[in-house]
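[1] this one's structure only:
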């Protein structure tokens, strides 16, 4: 895939990072999507809730923040606000009390935090319901330094709320109940081999040895990747992560 790369400054987790996307991707994929969401929001005459679901390591958190920034630069665009699913993890103390089956064994949910079962989906549904009723809604976030959820960390007030997460389109009843609140859905897919490499490198950068990172991938990350890719319902729009880290329509 050829094209001109453009660099952008983006605030991610409180830090300014350089991100890059092809100019063609912005003009032919991202901007048409944003204009489509703006039209849909105006047609409905109310807040629009959009889900973006993807397996780990597809860059979804960075992508939605970039779309928020891009939308903010367009004159007359409804306010788009990007938020994440991670604030709906059960709190660390509760995860320590919960269990889940993995490879035929019952283990602490804390060992595989990030799996679908480690999220409080009922609470997510209540927050999504609130978004349909109230102008401003408090929203929890996951603090990666504390390794726990921080309640009421931000206020959601956008005209378009773009929610990203791994499990938003999972074909299980509790997650499908949450999906009923979405006016529009987007999914990202990727080559599992590419995601494996990205996930292992992420753990190494976080301080694990190569052997520890590979073992964690096999025990936890691999299961999550396969589950998202194989057990999610189709989205209204499907994008694909390319080998060089950009995106294209599937």
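    Happy to help now that I have it. These numbers come from a predicted model, not from an experiment.
[2] touching stretch 12-26 from outside, list them.
    Stretch 12-26 is contacted from outside by 1, 3-11, 30, 61-62, 65-66, 70, 144, 245-248, using CB atoms under 8 Å, 6 or more residues apart in numbering. Where C-beta positions appear, they are placed from N, C-alpha and C, glycine not excepted.
[3] show the average pLDDT along it.
    Stretch 12-26 carries an average pLDDT of 88.
[4] picking that back up, any of the contacts of stretch 12-26 buried? List them.
    For the contacts of stretch 12-26, a burial check counting by 16 or more other CB atoms under 10 Å picks out 30, 61, 62, 65, 66, 70, 246, 247.
[5] flag the shaky bits of this structure, pLDDT-wise.
    1-2, 13 (pLDDT under 70).
[6] let's see it at 90
    Applying pLDDT under 90 to the chain picks out residues 1-3, 11-17, 101-104, 144-145, 147, 206.
[7] identify, from the buried ones among the contacts of stretch 12-26, the entry nearest to residue 225.
    Lowest distance from residue 225 to the buried ones among the contacts of stretch 12-26 (CB to CB) belongs to residue 61, with 15.9 Å.
[8] which residues does that closest one contact?
    12, 84, 164.
[9] before we move on, back to that, just the ones in strands from the contacts of stretch 12-26, please.
    The strands, defined by DSSP state E, take in 5, 6, 7, 8, 9, 10, 11, 247, 248 from the contacts of stretch 12-26.
[10] bridged to the fifth one, which residues?
    Applying DSSP bridges to residue 9 yields these beta-bridge partners: residue 18.
[11] ok so, going back, now the contacts of residue 61 in JSON lines, with distance to residue 201 and neighbour count?
    Converted to JSON lines, these look like this (distance: CB to CB, whole Å; neighbours: other CB atoms under 10 Å):
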{"residue": "12", "distance to residue 201": "17", "neighbour count": "12"}
{"residue": "84", "distance to residue 201": "21", "neighbour count": "19"}
{"residue": "164", "distance to residue 201": "21", "neighbour count": "25"}
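[12] re earlier: and the two most separated of the ones in strands among the contacts of stretch 12-26?
    Pairwise distances across the ones in strands among the contacts of stretch 12-26 (CB to CB) peak at 25.7 Å, for the pair 11 and 248.
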